[in-house]
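>>> need a 3D model of the sequence below.
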Amino acid sequence: MDLMRSGPMALVEQRLHWLDGRQRMLAANIANADTPGYRARDAVPFADILARRVARPAMVATDARHLLPAGGANRGLVAAVSERTPNGNAVSIDEQALRIAENDQSHAMTMGLHRKYLALFRTALGRP
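Here you go, the predicted structure:
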């Protein structure tokens, strides 16, 4: 059994990957704070991603008029609409700084869970 690919360890790995992607988006938002027409982006909440992974019956179109779920290139992104400047830019440095701080706290918590889970295995194996 590969402990790194099952249960809590796999979830921690997915969460860290999501946090990395979100950090990149937030950094891009700040880097484009003066770009005319740029709209800030943020990641879909991690809880929503986990909710989608729960086994659900697949949607079936039994009629040509039924709508099917869309899968576009922006899957996983949410436009964070805020106030716009006269040049069309919608990036608020204050909002982005708060999101980065939230992302940092989430990363610290996730790494703490990772360490505690590994410590549990070390204890079970009789190692300090």
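
>>> report all helices and strands that the helix or strand D20 falls within contacts.
Element membership for D20, per DSSP states H and E: helix 7-31. Under the contact criterion of 3 or more C-beta pairs under 8 Å, 6 or more residues apart in numbering; DSSP states H and E, helix 7-31 touches strand 41-43, helix 46-53, helix 93-124. For the C-beta atoms, the positions are set from N, CA and C on the backbone; glycine is no exception.

>>> switch to 6 Å and redo it
Other helices and strands packing on helix 7-31, by 3 or more C-beta pairs under 6 Å, 6 or more residues apart in numbering; DSSP states H and E, are helix 93-124.

>>> buried set for the helix holding D20?
Going by neighbour count (16 or more other C-beta atoms under 10 Å), the buried part of helix 7-31 is 9, 12, 15, 18-19, 22-23, 25-26, 29.

>>> if I pick L19, what's in contact with it?
Counting by C-beta atoms under 6 Å, 6 or more residues apart in numbering, L19 makes contact with 103, 106-107.

>>> which of those tops the neighbour count?
Neighbour counts for these, by other C-beta atoms under 10 Å, peak at N103, which reaches 19 neighbours.

>>> apart from its chain neighbours, what residue comes closest to the residue nearest the centre of the chain?
The C-alpha lying nearest the average C-alpha coordinate of the chain belongs to W18 (C-alpha atoms, centre = their mean; 3.9 Å). Leaving aside its sequence neighbours, W18 sits nearest to F46 (C-beta to C-beta, 6 or more residues apart in numbering; 5.1 Å).

>>> and the gap between the one you found and N103?
11 Å (C-beta to C-beta, to the nearest Å).

>>> shared neighbours of those two, anything?
The contact sets of F46 and N103 do not overlap (C-beta under 6 Å, 6+ apart).

>>> I figured A43 hits R22, correct?
Yes - counting by C-beta atoms under 6 Å, A43 touches R22, with 4.2 Å between them.
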